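Novice: What follows is a predicted structure for the sequence shown.
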Amino acid sequence: MKKTKKISRILFWTGITAVIIAVLFILYALNHPESSFSWGINITYFIYVVYIVLTISLFVLSNVFNKKDKQHLNN
């Protein structure tokens, strides 16, 4: 297996795992409104945005490595 294809698969499955964790967190949060973080709401939103950006980045990088592998096979 090519190294770029292996990296692509790792990034893709890490992205899928991140999405599953996010869905589970949302389900937990909806069922436990009494839970909260000990810091302010702005920090919480910042963490959410960073998590979303990282998750999207995993899928984008997976696609980039996958395209590199396909280009390498065509040459």
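Specialist: Sure thing, it's come through. Source: prediction; values computed, not measured.
Novice: buried sites along the longest helix along the chain?
Specialist: In terms of residue count, the longest helix belonging to the chain (DSSP state H) is helix 41-74. For helix 41-74, burial by neighbour count (16 or more other Cβ atoms under 10 Å) applies to 55, 58-59, 61-62, 65-66, 68-69. In this view, the C-beta of every residue, glycine as well, is placed from N, C-alpha and C.
Novice: how far is that helix from where the chain is centred?
Specialist: Helix 41-74 sits 6 Å away from the centroid of its parent chain (Cα atoms, centre = their mean, to the nearest Å).
Novice: Mind giving me the packing neighbours of that helix?
Specialist: On a contact count with 3 or more Cβ pairs under 8 Å, 6 or more residues apart in numbering; DSSP states H and E, helix 41-74 meets helix 3-31.
Novice: Return the set of buried residues in the helix it packs on.
Specialist: So, applying 16+ other Cβ under 10 Å, buried residues of helix 3-31: 4-5, 7-8, 11-12, 14-15, 18.
Novice: what's the closest of these to His32?
Specialist: Nearest to His32, judged by Cβ to Cβ, of the buried residues of helix 3-31 is Ala18 at 21.1 Å.
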